[in-house]
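Q: how does the following fold in three dimensions:
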Amino acid sequence: MNAVDMTGDFGNPARQRSSVVQHIRGLAPTLAPAERRVADAITAEPRLVVSTTITELAQRCSTSETTVVRFCRRAGFRGYAELRLAVATELGADQARADGGLTPGTDIDRDDTLQELVRKVAFADVRAIQETMEHLDIGQLDRVITALSAARRISLFGMGASAFAAQDLQHKLLRVDRIALAIADSHLALGTAALLSAEDVAVGLSHTGETSEVVAYLRVARDHGATTVAIVNYPRSPLTRHADLVITTQVRETRFRSGAMASRLAQLAVVDCVFLGMAQRSYDATLQALTRTHQVVHPEDSTRRQ
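A: Here you go, the predicted model:
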């Protein structure tokens with residue numbers, strides 16, 4: 001199963017690439033309305049699957065048992081019993097590694113103290129990075145590193161918080177003599193994408209994968225022959241339809257979008273893996289470039305060593 005194909009035999013642990021809830025959340029936009037209601041109910045309250053029968057879940061979602069079974073199969077499970085087991089196993093694992101009663105997706109409450117708020121933010125941020133690294137598709141990461149290492153030019157684009165991750169990768173690559181450009185203006189990004197060729201790589205970053213400007217940018221880049229890469233939280237999203245290679249993060253949204261805040265950190269962790277993978281493949285040249293750029297920016301360090 002590649003990074004884009006998230007259906008089929010998901011119940012087999014050997015095939016599993018992401019958490020069950022994340023998988024269902026990513027699948028939801030592609031479902032029919034009745035199946036979408038089932039997906040939304042499960043992602044909003046995963047314990048619902050464990051505590052209800054298929055009849056009760058169908059009634060709660062204003063649909064039929066047949067639709068629930070059809071949803072389970074679309075999600076890669078043989079039936080409702082297999083889905084319940086997978087969700088229960090995941091919830092149990094989450095509880096086992098819970099931090100002082102906190103579990104992934106824990107939200108900020110109205111009456112939380114500032115200390116509790118800080119603890120929840122820290123937990124969400126740390127878990128976003130941990131889950132992203134645990135479920136990172138190493139094969140896709142390797143192919144992305146290979147493509148970027150061979151690229152004549154690397155074009156990067158993200159909006160909002162994703163723009164920070166694009167800029168971070170640009171800064172890292174420029175310091176090791178790689179031609180990379182992170183573009184903040186959407187019109188300029190589209191124009192630049194139209195000038196890319198088969199020798200180039202375009203990277204689109206979007207947490208949801210639905211940001212229209214980033215989707216358009218990757219589509220234009222691909223239409224003009226560039227290799228396209230998506231860094232996204234939802235593998236079945238509009239952005240991935242235009243991506244040759246996909247790296248997914250694993251961030252759980254919450255009411256006050258602390259998940260969206262954590263998504264920036266998860267993207268930065270992926271960016272670090274990409275950069276270090278490229279650096280390792282040209283180890284000596286990278287060290288030389290880092291030394292030269294450091295000496296120019298901090299000449300006083302060289303003076304102190306003399």
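Q: tell me the mean pLDDT for the host helix or strand of residue 41?
A: In the assignment (DSSP states H and E), residue 41 maps to helix 33-44. Here helix 33-44 scores 92 as its mean pLDDT.
Q: again, but for stretch 237-253
A: Per-region confidence: stretch 237-253 scores 91 on mean pLDDT.
Q: returning to that earlier point: which helices and strands sit right next to the next helix or strand after the helix holding residue 41?
A: Following helix 33-44 in sequence order, the next helix or strand is helix 47-51 (DSSP H and E). Judged by 3 or more C-beta pairs under 8 Å, 6 or more residues apart in numbering; DSSP states H and E, helix 47-51 is in contact with helix 33-44, helix 54-60, helix 80-96. All C-beta atoms are positioned from the backbone trio N, CA, C, and that covers glycine.
Q: any idea how far residue 296 is from residue 19?
A: Separation of residue 296 from residue 19 (C-beta to C-beta, to the nearest Å): 45 Å.
Q: one step back: tell me what the helix holding residue 41 is packed against?
A: helix 20-27, helix 47-51, helix 54-60, helix 65-74.
Q: hey, which of the helices and strands packed on helix 47-51 is tucked in deepest?
A: Ranked by mean neighbour count under mean count of other C-beta atoms under 10 Å, the helices and strands packed on helix 47-51 are led by helix 33-44, which reaches a mean of 18.
Q: residue 222 belongs to a strand, doesn't it?
A: No - read with DSSP: H, G, I helix; E, B strand; the rest coil, residue 222 is helix and lies in no strand.
Q: neighbours of it, how many?
A: 19 (other C-beta atoms under 10 Å).
Q: got the contact list for it?
A: Shown in contact with residue 222 (C-beta atoms under 8 Å, 6 or more residues apart in numbering): 202, 228, 242, 243, 244.
Q: low-confidence ranges in the chain?
A: Low-confidence segments of the chain, defined by pLDDT under 70: 1-18, 94-107, 253-260, 301-306.
Q: which elements pack onto the helix ranked longest in it?
A: Using DSSP state H, we find that the single longest helix of the chain is helix 258-281. The helices and strands touching helix 258-281, judged by 3+ C-beta pairs under 8 Å, 6+ apart, are helix 114-134, helix 138-150, helix 161-175, strand 227-232, helix 283-297.
Q: can you rerun that using 6 Å?
A: helix 114-134, helix 138-150, helix 161-175 (3 or more C-beta pairs under 6 Å, 6 or more residues apart in numbering; DSSP states H and E).
Q: okay, those helices in TSV with distance to residue 84 and mean neighbour count next?
A: As requested, the helices and strands packed on helix 258-281 are exported to TSV (distance: least, C-beta to C-beta, whole Å; neighbours: other C-beta atoms under 10 Å):
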stretch	distance to residue 84	mean neighbour count
helix 114-134	22	17
helix 138-150	30	17
helix 161-175	35	20
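Q: format those as a markdown table; extra columns: distance to residue 191.
A: Below are those laid out as a markdown table (distance: least, C-beta to C-beta, whole Å):
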| stretch | distance to residue 191 |
| --- | --- |
| helix 114-134 | 32 |
| helix 138-150 | 22 |
| helix 161-175 | 17 |
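Q: residue 270 is nearest to which of those?
A: helix 114-134 (6.7 Å; C-beta to C-beta).
Q: if we can go back for a sec, need the residues that contact the longest helix of the chain.
A: 124-125, 128-129, 132, 145, 148-149, 161, 165, 168-169, 172, 207, 231, 247, 249, 251-253, 286 (C-beta atoms under 6 Å, 6 or more residues apart in numbering).
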